[in-house]
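Trainee: Next one to model:
(one chain, ligands or ions: 1)
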Amino acid sequence: MADYLFILNPNSGTSIGKNIDSVARAIEAFAKKTDNTSHILFTESPGHASELVRQNKESSPWKAIVAVGGDGTVNEIAQPLLGTAIPVGIIPVGSGNGLARHLKLPLRFDQALNRLFTGQAITIDSGLIDDIPFFCTAGMGFDAYVGQLFSKQATRGLATYVNVSFNAYWTYKPQQFTVDGKKLDAFSLSFANAGQFGNNAWIAPHADLQDGILDQCTISPFPKWFGTSLAYQLFTRQMKPSEYISYQAITETIIQTERPPVIHYDGEPLQLETTRIKVSVRPKSLNIIV
Ligand SMILES: Nc1ncnc2c1ncn2[C@@H]1O[C@H](COP(=O)(O)OP(=O)(O)OP(=O)(O)O)[C@@H](O)[C@H]1O
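Mentor: The predicted structure is shown next:
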């Protein structure tokens, strides 16, 4: 018998919002069947999941605090649990579910619940971008631009994401960055703790959540013909160093930009107010059920 706290984001993915009550009932029934106790809370706005964790994390010896949502919800729940013994659980009902996919967690709701109640906790690294924790990927350039456009759409889900990315591709202009003192033009600068953005878009196929490093992937400005090859490599987990793609294993890097950039952390876009951005890793800083 163990106590689980579930935090549901009704705004995640494409279907949960419409089915939020049945999702909650299914969690309760499944927990009961497996002799566990479920406590269910709902988010009411962006950032609310972190607040709910802060308010409730000490109120019971939780076996896990579970994100029922996508990578943004996982991020909000994991932030206040960094450096604590309490594991995060994931029921992936988001649009991209990058961390869950990297961890090979089941995407089917009942199977994900089953894994949660039978899985083990492991300790993973996390990253920091301008002091904001991330667990899956973060970056600037094209990824952040897409994240920003996606967040303004009325619908979420894969179809919207593909549509937004495709349209953004034709209008986006590479930017200049200074990375550890070296000036370069880049289409995107990504920092991978986990290997994928979500939806099996593998930006760093060899990323390892427990290696104490982040995989920095720099995509240089490329001719339009390379776009198809890039998309193919991304979605078939075959990204590799080439004329336009380079990788560095980093523990800390400083990026300077001409204007305060838009970044994304786990797909969440944010307009920064600084032009000097530190990205670093915090090895073995979060427990997570797999
Ligand atoms: N009650 C709510 N109403 C509106 N927005 C919310 C609410 N609760 C959380 N949010 C916001 O919803 C956004 C999306 O959540 P989340 O990232 O989990 O789903 P997703 O974007 O569909 O999935 P993924 O990140 O895996 O692609 C986050 O920015 C989060 O802060």
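Trainee: can you list the residues of this structure near the ligand?
Mentor: Taking Cβ under 6 Å from any ligand atom as the criterion, the chain approaches the ligand at residues 9-13, 43-46, 48, 69-73, 94-97, 156, 198, 267-268. To be clear about C-beta, it is placed using only N, CA and C from the backbone, and glycine gets the same treatment.
Trainee: Can you name every helix or strand that the longest strand along the chain contacts?
Mentor: If you go by DSSP state E, the chain has its longest strand at strand 276-289. Where contact means 3 or more Cβ pairs under 8 Å, 6 or more residues apart in numbering; DSSP states H and E, strand 276-289 is packed against strand 88-92, strand 121-129, strand 214-219, strand 252-257.
Trainee: Throw those into JSON lines and include distance to Trp62, mean neighbour count and mean pLDDT, thanks.
Mentor: Output for the helices and strands packed on strand 276-289, formatted as JSON lines (distance: least, Cβ to Cβ, whole Å; neighbours: other Cβ atoms under 10 Å; pLDDT from 0 to 100):
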{"stretch": "strand 88-92", "distance to Trp62": "9", "mean neighbour count": "28", "mean pLDDT": "97"}
{"stretch": "strand 121-129", "distance to Trp62": "12", "mean neighbour count": "20", "mean pLDDT": "98"}
{"stretch": "strand 214-219", "distance to Trp62": "29", "mean neighbour count": "23", "mean pLDDT": "98"}
{"stretch": "strand 252-257", "distance to Trp62": "32", "mean neighbour count": "16", "mean pLDDT": "98"}
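Trainee: Tell me where the stretch 151-290 of the chain has strands.
Mentor: Using DSSP state E, counting those that start in this stretch, the strands of the stretch 151-290 of the chain run over residues 175-179, 182-186, 188-192, 214-219, 245-250, 252-257, 262-265, 268-271, 276-289.
Trainee: Tell me which of these sits nearest to Gln55.
Mentor: The minimum distance between Gln55 and the strands of the stretch 151-290 of the chain falls on strand 276-289, with 19.4 Å, by Cβ to Cβ.
Trainee: Now do the closest one, average pLDDT.
Mentor: Taken as a whole, strand 276-289 carries a mean pLDDT of 98.
Trainee: Might you calculate how far that strand sits from the centre of the chain?
Mentor: When C-alpha coordinates are averaged (Cα atoms, centre = their mean, to the nearest Å), strand 276-289 and its chain have centres 12 Å apart.
Trainee: now swap in stretch 262-271 and tell me
Mentor: 10 Å.
Trainee: First-to-last residue distance for that stretch?
Mentor: Looking at stretch 262-271, the gap from its leading to its trailing residue is 4 Å under the measure Cα to Cα, to the nearest Å.
Trainee: Report the buried residues of that stretch.
Mentor: 262-270 (16 or more other Cβ atoms under 10 Å).
Trainee: ok, of the residues you listed, which one's closest to the ligand?
Mentor: Ranking the buried residues of stretch 262-271 by separation from the ligand, with Cβ to the nearest ligand atom as the measure, puts Gly267 on top at 4.3 Å.
Trainee: That closest one contacts Gly147, doesn't it?
Mentor: Yes: judged on Cβ atoms under 8 Å, Gly267 makes contact with Gly147 at a distance of 5.5 Å.
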